[in-house]
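Undergrad: What shape does this take:
(chains A and B)
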Amino acid sequence: MTDSRGATENRARAPLLEFRQARISFMLRAGEANVIPGLSFSLGAGEALGLVGESGCGKSTVALATMRYLGRAGRVTSGSILFEGQDIARMSEDELRRIRGRRIAMVYQDPMSSLNPVKTIGKQLMEVPMIHEGADAAAARALAVRMLEEVKLPDAAGFMDRYPHQLSGGQQQRVVIAMALIARPSLLIMDEPTTGLDVTVEAAVLDLVRELRQRHNSAILFISHNLGTVVRVCDRIGVMYAGEMVEQGTIRQVFANPRHPYTRGLLDCLPTLGRDKHGSPLATIPGQVGSPLSRPPGCSFARRCGSAEEGRCTTAPIPIRPVPGEAGHEAQCVRMAELEAWLRKDGQAGAVPDGAETAPLVEIAGLRKTYRQTHGLFGDTGKTVKALNDVDMFAEAGRTLAIVGESGCGKSTLAKIMSGLVTASEGTARIGPDQIAATAIDQRPQALKRKLQMVFQNPDSTLNPSHSVGYVIGRALRRLKGLGKRSAEDETRRLLDVVKLSGDFAGRKPHQLSGGQKQRVAIARALAGDPEVIIADEPVSALDVSVQAAIINLLNELQGERATTLLFISHDLAVVRYMADHVAVMYLGKVVEFGRAAEVFEPPFHPYTEALLSAAPVPDPDRQGERIILDGALPSATDLPPGCPFASRCPRKVGSICDTTPPPAQRLAHGHRIACHIEADELVSLQQGGAPERQREKHVRPHRAEEHIR
Amino acid sequence: MTLQTTIDRVAPPRPARTGPVAGALRQLMRVGENWPAMIGLAIVVFWVLAAILAPLVSPYPPNANDMKALAYPFPSRAHWLGTDHLGRDILSRILWGARTVLLVAPIAVLGAAALGSLLGLMAGYYRGWIDGLISRVGDIVLSFPVIILYMIILAKFGSSALNIIVVITLTKAPIIARIVRGITLELRERDYVLAAKMRGESALYIMFCEILPNARGPLIVDFCLRLGYTTIIIGVLGFLGIGLPPPDPDWGGMVKDTYGMMSVWPHMSLFPCAAVSSLVIGFNLLAIGLREISLRD
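TA: Predicted coordinates:
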């Protein structure tokens, strides 16, 4: 919920931070890269402003410029950056040192790089008041413990003596936030603070930020590529494109009535929960952010804008102007008034094509993978890590099976077994007639390799930087299809066309490609042998939303044309909902829920699915429901509880039966199954009625009630 | 996001010139923008030309004695860098001496790089006992004081250009193997290596076509540095008298023959020393420059 009244009040006073026509450039060998051509915005005391935009839009430069961390190449060439009335761009190093860390604190994306690995959490926290305020050790210690309690770490005093590597990612980020707030800064800059975290952890951290903000009255400059997270934390939002603020206003104004085509584009290309591939393809924003070395004379978005008008949009700089009738809402578009009203594209789950269920092409049964845990040089601790623990699922031919879960749930291990990088300890996996679970990639016959290909997560490591695009695809064609040199070249061109890249990409090297283009090449490479199954391991999670939408559309189109079966691994529920025909929800090496996508995303949910769904950030200020926050960390996979793996964090736990007895797989319609002690009907009524606490103990299955005591 | 990635993101897309010739040209242009690389390249090219053209440009045959000059061996019109204690023209001997160094050093280092890369790739790619064997044998070779090792081997098998090359190849390969092994351990985990496995490539293809090309940056830099070290080693071997057999000119040997007369005729050993130093500095500057260029990518 946003507090726009407070925000307007604050803005009446002198702003805490004000960019006045700030122009920021990086001096490169190739010339002056004018990243920010002249940016103006202000942030009042206690206000939270979210900055969004694709990568390369200058969001991080704004954050760094506020601290004047621009490196040797970066310069504020004109304009000013006023913090509490003083110009940061013209401060001496001494003055800056007094502000950095004390008046302005920063939280970065990767908490591990903000924490010193050789010092305890306590020492690092105590340093801040001791250096900035000359506090003595005892006072600093007391303050540090209090901050750790405020960021809701259990056993705060105990955490003081721990080292960063002993904490989970979410805990580390809480410590970094505590460290940033301990000096009581008036401005907190957060640059993608939750991007590396799991959704449930992200939801908890975002809630924490919102709560702390009210208590400490720090202003927040919140940078994110994820519109959903901005909605949760901020009062106002600024949309940046090519270093310019193209639209800003309160969250409600911008989300209800986006006036800039770029803002609309960003909102439209999100696969918001509820949409699926049977409805409409996702909207995309064609092209990519232009180079700051040469700026077009008019609107910098005109090249990619569907509403751009030759002449009016492309000749002179466009000023940012207020949106009529909405105080504080501004947009930088000449055609602002002419654009038709924007409608949120959601809830358009299309009808599932009826066609009878096809036979499962991929079938995984009783799959287990156990690693022996080793420790140090000689140690075999005798403990085993159960990465996969009795996994069953299937994928129908020509359909998409999505595997979803948080890190540590075993989805990557499953991909590794399928691809033959490791072999399973027990159980079977088959593709058509071929059993593959126990066969490493080197032992698989070429015909089997051809059937199964993979698309990877990281666009920067998926292509060999030394090989041209044409070579990569041509080589795959020659190996998998046995084509000759000449016919491989023709086929390469055709495949590039299939993934919507022009033929001259064949001569390019990976460093000349954008992230999305690299993924397209990777998809073309995977398609070379006409595979029956493609494993896509988080293929879009490293991409901007606009690019993500295009890649998702491409994968769906290709599936439509070639009837390829997709095993789609993802942590993003909205993407999964959009892509999947079947969904497997995994937790700690077990499948807790499996079924058709439409059914998995409707009650009854497994309580973990329910928590995941409620944690997923929704880019809509009107749909910020109460969320289920999961307490505690993932239990270690070395000593799994005998009962339900989710019991230790489950908000709907019914009693000790959950800890002691493995839950039964309840089979519902169409192969939908939920591994839970609570009966499906009761789950439905719980999940539609809410209030899990009140009804807990009642729903123990009667015939199991005696099993409580071990 | 770090500042560096910000700068990378704003960097313009590079012009899409294709083909190996354009690529080599582009590389060369980048060397041109980098002054350490330029100076290093100039020095190295100077010595390469000197070595090639020695028969044409050297004023005297390298082993000819000018008895008249013995009375006054200092630099003069007739002998620009003076003569040595036997009346031989130092300039001519230095020019001819460049031939040995510039023949033996690159071949030896190339041999070491080839052997080292092969061993390093195998150790890093297969790991396990292959890695253990290669790494331990390498450790043993590296644990010997090299000069003593050279003396023992060359004393046993006799001193010749070929033996020097073999000895340097064998003693330097383990160092290069260590470098390549480290890079291979990292690169073998890349997704493109897995993609190659999934299309059924052989281990040899993956090592030499997927991994090795991406190790070329550090390898080229190391190659230049090691050329410099090897130049010094060849000088030292000559100085110790286990270099090339006399009377053929050899920079280290020239110093050995004359250093006893340093107090009277310092130029006799100083000029060959300067020749060694300049070539080593040339290789090192080239390495520094190439490292900067490779870091920019």
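
Undergrad: Phi and psi next, for the residue nearest the centre of chain B.
TA: The residue lying closest to the centre of chain B (C-alpha atoms, centre = their mean) is B:Leu227, at 1.1 Å. Main-chain dihedrals, B:Leu227, degrees, to the nearest 10: phi -60, psi -40.

Undergrad: for A:Thr195, helix, strand, or coil?
TA: Three-state assignment for A:Thr195 (DSSP: H, G, I helix; E, B strand; the rest coil): coil.

Undergrad: What distance do you get for it to A:Ile628?
TA: According to C-beta to C-beta, to the nearest Å, A:Thr195 and A:Ile628 sit 22 Å apart. In short, each C-beta sits where N, CA and C put it, glycine included.

Undergrad: just A:Phe159 next, same as before
TA: 25 Å.

Undergrad: low pLDDT regions in chain A?
TA: For chain A, the stretches flagged by pLDDT under 70 are A:1-13, A:345-357, A:373-382, A:632-633, A:689-710.

Undergrad: Contact residues of the stretch 151-297 of chain B facing chain A?
TA: Listed as neighbours of chain A in the stretch 151-297 of chain B under the rule C-beta under 8 Å from any C-beta of the partner chain: B:190-192, B:194-195, B:197-201, B:210, B:213-214, B:216, B:297.

Undergrad: Please repeat the previous calculation with a cut-off of 6 Å.
TA: For the stretch 151-297 of chain B, the residues in contact with chain A (C-beta under 6 Å from any C-beta of the partner chain) are B:Arg190, B:Asp191, B:Tyr192, B:Lys197, B:Met198, B:Arg199, B:Gly200, B:Glu210, B:Pro213, B:Asn214.

Undergrad: For the fifth one, grab the count of nearby residues.
TA: When you say that, I think you mean B:Met198. 26 (other C-beta atoms under 10 Å in any protein chain shown).

Undergrad: what about the helix or strand where A:Leu477 lies, near chain B?
TA: Per DSSP states H and E: A:Leu477 is located in helix A:469-481. Yes. Residues of helix A:469-481 contacting chain B under C-beta under 6 Å from any C-beta: A:Ala476, A:Arg479, A:Leu480.

Undergrad: among these, which ones are buried?
TA: By neighbour count, with 16 or more other C-beta atoms under 10 Å in any protein chain shown, those hold A:Ala476, A:Arg479, A:Leu480 as buried.

Undergrad: Show me which of those residues is closest to A:Arg399.
TA: For these, the closest approach to A:Arg399 (C-beta to C-beta) belongs to A:Leu480, at 23.0 Å.

Undergrad: Contacts only, for the closest residue in space to that closest one that isn't next to it in sequence.
TA: Counting by C-beta to C-beta, 6 or more residues apart in numbering or on different chains, A:Gly529 is the residue found nearest to A:Leu480 once chain neighbours are left out, at 3.1 Å. With contact set as C-beta atoms under 6 Å, 6 or more residues apart in numbering or on different chains, A:Gly529 has these partners: A:Arg450, A:Leu480, A:Lys481.

Undergrad: Tell me how chain A divides into domains.
TA: Per automatic domain parsing, the domain ranges recorded for chain A read A:4-103+A:185-331, A:115-183, A:360-587, A:603-708.

Undergrad: Determine which of those approaches B:Arg99 most closely.
TA: Short answer: domain A:360-587, nearest of the domains of chain A by C-beta to C-beta, at 35.1 Å.

Undergrad: State the helix or strand in which the residue lying closest to B:Arg93 once chain neighbours are set aside lies.
TA: Distances taken as C-beta to C-beta, 6+ apart place B:Pro249 nearest to B:Arg93, at 3.9 Å, with adjacent residues excluded. Per DSSP H and E, B:Pro249 falls between elements, in no helix or strand.

Undergrad: isn't B:Pro249 right next to B:Ile94, touching?
TA: No. The pair B:Pro249 / B:Ile94 is not scored as a contact, 7.4 Å apart, by C-beta atoms under 6 Å.

Undergrad: How many neighbouring residues does the closest residue to A:His216 other than its chain neighbours have?
TA: Among residues not flanking A:His216 along the chain, A:Leu181 sits closest, at 5.9 Å (C-beta to C-beta, 6+ apart). As a burial measure, A:Leu181 scores 22 neighbours (other C-beta under 10 Å).

Undergrad: what about A:Leu181, distance to A:Gly101?
TA: According to C-beta to C-beta, A:Leu181 stands 11 Å off from A:Gly101.

Undergrad: now A:Asp530
TA: 57 Å.

Undergrad: With B:Tyr150 instead?
TA: B:Tyr150 is 57 Å from A:Gly101, where distance means C-beta to C-beta.

Undergrad: Which residue of these two possesses the greater neighbour count?
TA: Neighbour count, other C-beta under 10 Å: between B:Tyr150 and A:Gly101, B:Tyr150 has more, with 22 against 19.

Undergrad: Dump stretch A:418-434 to PDB, keeping only the CA atoms.
TA: Below are the C-alpha coordinates for stretch A:418-434, written out as PDB (Å, rounded to 0.1, in the frame of the first residue of the first chain):
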ATOM      1  CA  MET A 418      18.700 -35.500 -17.800                       C
ATOM      2  CA  SER A 419      21.600 -33.900 -19.700                       C
ATOM      3  CA  GLY A 420      24.000 -36.700 -18.500                       C
ATOM      4  CA  LEU A 421      26.400 -34.500 -16.600                       C
ATOM      5  CA  VAL A 422      25.800 -36.600 -13.600                       C
ATOM      6  CA  THR A 423      24.000 -40.000 -13.200                       C
ATOM      7  CA  ALA A 424      21.200 -40.800 -10.900                       C
ATOM      8  CA  SER A 425      21.700 -42.900  -7.800                       C
ATOM      9  CA  GLU A 426      18.400 -44.700  -8.200                       C
ATOM     10  CA  GLY A 427      15.200 -44.500 -10.300                       C
ATOM     11  CA  THR A 428      14.600 -44.100 -14.000                       C
ATOM     12  CA  ALA A 429      14.200 -41.300 -16.500                       C
ATOM     13  CA  ARG A 430      13.300 -42.100 -20.100                       C
ATOM     14  CA  ILE A 431      12.800 -40.200 -23.300                       C
ATOM     15  CA  GLY A 432      10.600 -42.200 -25.600                       C
ATOM     16  CA  PRO A 433      12.100 -45.700 -25.400                       C
ATOM     17  CA  ASP A 434      15.500 -44.700 -24.200                       C
END
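
Undergrad: residues in contact with it?
TA: With C-beta under 6 Å, 6+ apart as the criterion, stretch A:418-434 contacts A:362-370, A:416-417, A:435-438, A:440-441, A:444, A:448, A:451, A:454, A:533, A:535.

Undergrad: Tell me which stretches of the stretch 51-200 of chain B form helices.
TA: Secondary structure of the stretch 51-200 of chain B (DSSP state H, counting those that start in this stretch): helices located at B:90-126, B:128-143, B:146-157, B:161-187, B:191-198.

Undergrad: and the spatially closest residue to A:Gly474 that is not a sequence neighbour, what does it touch?
TA: Excluding the flanking residues, the one nearest A:Gly474 by C-beta to C-beta, 6+ apart is A:Ala488, at 4.4 Å. A:Ala488 makes contact with A:Gly474, A:Leu477, A:Arg478, according to C-beta under 6 Å, 6+ apart.

Undergrad: Show me which positions of the helix or strand that contains A:Ala488 end up buried.
TA: Element membership of A:Ala488 [criterion: DSSP H and E] is helix A:485-498. Using 16+ other C-beta under 10 Å as the test for burial, helix A:485-498 gives A:Ala488, A:Glu489, A:Glu491, A:Thr492, A:Arg493, A:Leu495, A:Leu496, A:Val498.
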